[in-house]
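*Asks:* need a structure here:
(2 chains)
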Amino acid sequence: MGKNKKELLSLVACIALYAVVQSLIMLDVIGPFWELNLILICINVILAVSLNLINGFTGQFSIGHAGFMAVGAYLGAVLTVKLQLPFIVAILGGAAAAGFLGFVIGLPTLRLDGDYLAIATLGLGEIIRITILNIPYVGGASGFMGIPRFSNFTWVFFATVFTVFFIRNFINSTHGRACISIRENQIAAEAMGIDTTKYKVMAFTIGAAFAGVAGTLFSHYFYIAHPASFTFMKSFDILTIVVLGGLGSISGSITAAILLTFVSAALASYPEWRMIIYSLMLIVLMLYRPQGLFGNKEISLKIFGRLMGGNKRGNTQGN
Amino acid sequence: MDFSITQQFLQQLINGISLGSIYALIALGYTMVYGIIKLINFAHGDIYMVGAYVAFFATTTLKLSFFPALIVSMVVAAIVGMTIERLAYRPLRKAPRIAILITAIGVSLLLEYGGMLLVTPQPRTFPALFDSQVYTFGNIVVNSQQVIILAISVVLMVILTFVVQRTKIGKAMRAVSFDTDAARLMGIDVDRVISMTFAIGSALAAAAGMLVGVYYNSIDPLMGIMPGLKAFVAAVLGGIGVIPGAMLGGIIMGVIEAMVSGFISSTFRDAAAFAILIIILLFKPSGLLGKNVREKV
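*Replies:* Sure, this is the predicted structure:
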């Protein structure tokens, strides 16, 4: 199978999936509760895949993702509510603002590594949140209210598909390879002539931009952008998804996002248990399966091919 | 006008120093653990919360007075700290740093939300253990809680300095933090030293937790998050791994925070701590009292 043909096939599969789910929503087979969860799954996939680009593929441990999400949520809301611009402009604007902030913040802080980067990004996420909290123009501590519900399954689904395709293709590009080499060994990568700062900042900026997209979609679904939604607890939520799926596995992040969204939906009436389960999961994973569910492997169509048609790989090599 | 600003400045300085001595107590635990196993123990702030709750139950349910309650809370916290190290961190001694960091985040969340489940999320009123007295010097007000906080912090820090500098276990701690492998070769039981470090650090955090309970009269299961992070910032500010640095960093943090909330806005208080952290990390990553060490390839 050629690369383009495979690409086309996955696109067709996505559109088919969309068509099925959307018609189920239209026919009211999927009620409002499950529609909400589908949307949350998609938003979590965007957040987790974009954080995985930074944490899993580039090996820069960032835990301030909620801050970038907040920027997208608020800026998107300002664009649609205060400036009356179309939703697509809000999404792009949210992405651009979060990405720009990621660039500005990343440039100095990515010189740090490991634990220090983690705590610095956590601090930056909080600084973003506290700054927003102090801007009366966007509602201050009571939040930005009266945001129209522009997000629906269509928007969110295609944003998610775009995110996954974009980040997957980025990782398979020259730039992505450079990022992975930094994760494997920064000093060796540098010795091979890779501009490590450039690629770290690049990955950070892209990750932040997609967090901004997720934020815009989030605030335009729940009518409100509230500073309390974007604390470092939210960042830890996203981190849990990434770690559970596997640092460095996009399909892992997607699977974990689906899994954990269902877990929290099931625990909706026992909210105190959700964080306990998340925390135990983090600890037990690190003790017994530190690579997460998928490690850094991906599931792809190849596996289905192998399951159905026996040893396909041998055949293609023979040809 | 000029007089009142000076007076407000002095007042905030005093508030800042008493707050700062609490940060210093917590920061000591961070810095000792980091000095030995290079781990940011995210759960440290939550040990402080555990200490506050143990002290709360010791004074309300067991009707203990201040000093016995302080001892009970320090002992319980030391045991909790050692248990966490034994169950969650020791199996990961050889694992990548990120794995231990994620575990620490997990332990921290577990203590916070487990605490919520056990003691309910509602804040509790910490009983008044002293008759609060207010001393006024000119126009500056100092209350008895502030005096007690400062006195106990200083005493604990003096004891810690004595332990680290003069006793056998302190010597072993310094040896392990200097070179773990060499210390092991010299017959030091490294695991036991690490366990002791967690015990001492956690006991100090518990003392801080109780003092905060006395100072603010209110405790809740999430109270450890912010002071924990700020104490970490204090440890980095002073030079992580350096004990006097943690004390200095704690006091500076407390004073800056009091100044920001007194003269700018109390909502920016938490942002100030993180801003300091980032500035320090960018310009003097080894902290005020730290030595610059190049990472070996």
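
*Asks:* what about stretch B:117-132, start to end distance?
*Replies:* Distance across stretch B:117-132, first residue to last, is 33 Å (CA to CA, to the nearest Å).

*Asks:* chain center to the helix or strand hosting B:Met210: distance?
*Replies:* Per DSSP states H and E, B:Met210 falls inside helix B:190-216. For helix B:190-216, the separation from the chain centroid amounts to 7 Å (computed by CA atoms, centre = their mean, to the nearest Å).

*Asks:* Report the separation between the two terminal residues of stretch B:209-224.
*Replies:* Stretch B:209-224 stretches 8 Å from its first residue to its last (CA to CA).

*Asks:* my bad, should have said stretch B:213-232
*Replies:* Using CA to CA, one end of stretch B:213-232 lies 20 Å from the other.

*Asks:* Now do the same for it: mean pLDDT, whole number.
*Replies:* Averaged across stretch B:213-232, the pLDDT comes to 90.

*Asks:* near chain A, which residues of the stretch 101-250 of chain B show up?
*Replies:* Counting by CB under 8 Å from any CB of the partner chain, the residues of the stretch 101-250 of chain B close to chain A are B:101-103, B:105-110, B:112-114, B:116-117, B:121, B:229, B:232-233, B:236. Where you see a C-beta, it was placed from the backbone N, CA and C, and this is true even at glycine.

*Asks:* Any regions of the chain where pLDDT drops low?
*Replies:* As the question left the chain open, I've gone with chain A. A:1-2, A:300-319 (pLDDT under 70).

*Asks:* please go with chain B instead
*Replies:* B:1-3, B:292-297.

*Asks:* all strands for it, in order.
*Replies:* B:124-125, B:134-137, B:140-143, B:218-219 (DSSP state E).

*Asks:* winner for burial among these?
*Replies:* Comparing those by mean neighbour count (mean count of other CB atoms under 10 Å in any protein chain shown), strand B:218-219 comes out on top with a mean of 18.

*Asks:* how distant is that strand from the center of its chain?
*Replies:* On the basis of CA atoms, centre = their mean, strand B:218-219 is displaced by 17 Å from the centre of the chain it belongs to.

*Asks:* now what about it, what contacts it?
*Replies:* Contacts with strand B:218-219, where a contact means CB atoms under 8 Å, 6 or more residues apart in numbering or on different chains, come from B:Met49, B:Ala52, B:Tyr53, B:Phe56, B:Pro123, B:Arg124, B:Thr125, B:Phe126, B:Gly209, B:Val212, B:Gly213.

*Asks:* And those, which is closest to chain A?
*Replies:* Within the contacts of strand B:218-219, the smallest distance to chain A is 14.6 Å, found for B:Met49 (CB to the nearest CB).

*Asks:* tally of neighbours for that closest one?
*Replies:* As a burial measure, the neighbour count of B:Met49 was computed by other CB atoms under 10 Å in any protein chain shown and equals 28.

*Asks:* what's the nearest residue to it if we skip its chain neighbours?
*Replies:* Taking CB to CB, 6 or more residues apart in numbering or on different chains, and ignoring the residues beside it in sequence, B:Met49 has B:Gly224 as its nearest neighbour in space, at 3.6 Å.

*Asks:* got the contact list for that neighbour?
*Replies:* B:Gly224 is in contact with B:Gly45, B:Asp46, B:Ile47, B:Tyr48, B:Met49, B:Leu111, B:Glu112, B:Gly209, counting by CB under 8 Å, 6+ apart.

*Asks:* how much space between the third one and A:Gly245?
*Replies:* Spelled out, that is B:Ile47. 30 Å (CB to CB, to the nearest Å).

*Asks:* residues in contact with residue 113?
*Replies:* Picking chain A for this. For A:Asp113, the contact set (CB under 8 Å, 6+ apart) comprises A:Gln60, A:Gln186.

*Asks:* let's do chain B instead
*Replies:* The contact partners of B:Tyr113, taken as CB under 8 Å, 6+ apart, are A:Glu272, A:Met275, A:Ile276, A:Ser279, B:Pro221.

*Asks:* how about the helices in chain A?
*Replies:* Ranges of helices in chain A, per DSSP state H, are A:3-26, A:32-52, A:65-77, A:87-109, A:114-133, A:153-171, A:174-184, A:186-191, A:196-222, A:232-245, A:250-266, A:271-288, A:301-309, A:312-318.

*Asks:* looking at those, which is closest to B:Ser132?
*Replies:* Taking CB to CB as the criterion, B:Ser132 comes closest to helix A:114-133 out of the helices of chain A, the separation being 31.7 Å.

*Asks:* Spatially, which two of the contacts of B:Gly224 are the most separated?
*Replies:* With distances taken as CB to CB, the most widely separated pair in those is B:Glu112 and B:Gly209, at 13.6 Å.

*Asks:* Look up how far B:Ala104 lies from the most centrally placed residue in chain A.
*Replies:* The centre of chain A sits closest to A:Leu47, judged by CA atoms, centre = their mean, with a distance of 2.0 Å. Computed as CB to CB, the A:Leu47 to B:Ala104 distance reads 22 Å.

*Asks:* Repeat that for B:Ile169.
*Replies:* Using CB to CB, we find B:Ile169 at a distance of 24 Å from B:Ala104.

*Asks:* Pick out whichever of these two has more residues nearby.
*Replies:* More neighbours sit around B:Ala104 than around the other of B:Ile169 and B:Ala104, counting by other CB under 10 Å; the figures are 25 against 15.

*Asks:* from the contacts of B:Tyr113, which is closest to B:Ser65?
*Replies:* The nearest member of the contacts of B:Tyr113 to B:Ser65, counting by CB to CB, is B:Pro221 at 25.0 Å.

*Asks:* list the contacts for the closest one?
*Replies:* For B:Pro221, the set of contacting residues under the criterion of CB under 8 Å, 6+ apart consists of B:Met49, B:Tyr53, B:Glu112, B:Tyr113, B:Gly115, B:Met116, B:Val119, B:Pro121.

*Asks:* B:Ala207 contacts B:Ile152, correct?
*Replies:* Yes: using CB atoms under 8 Å as the test, B:Ala207 is close enough to B:Ile152 to be in contact (6.7 Å).

*Asks:* When the two are compared, which one has more neighbours?
*Replies:* Regarding B:Ala207 and B:Ile152, a neighbour count based on other CB under 10 Å identifies B:Ala207 as having more, with 27 against 21.

*Asks:* show me the contacts for the residue lying closest to B:Ala272 once chain neighbours are set aside.
*Replies:* Nearest-residue entry for B:Ala272: B:Val260, 4.4 Å, with adjacent residues in sequence omitted and distances by CB to CB, 6+ apart. Neighbouring residues of B:Val260 by CB under 8 Å, 6+ apart: B:Ser266, B:Phe268, B:Arg269, B:Ala272.

*Asks:* at 10 Å what do you get?
*Replies:* B:Gln12, B:Gly16, B:Ser266, B:Thr267, B:Phe268, B:Arg269, B:Asp270, B:Ala271, B:Ala272, B:Ala273, B:Ala275, B:Ile276 (CB atoms under 10 Å, 6 or more residues apart in numbering or on different chains).
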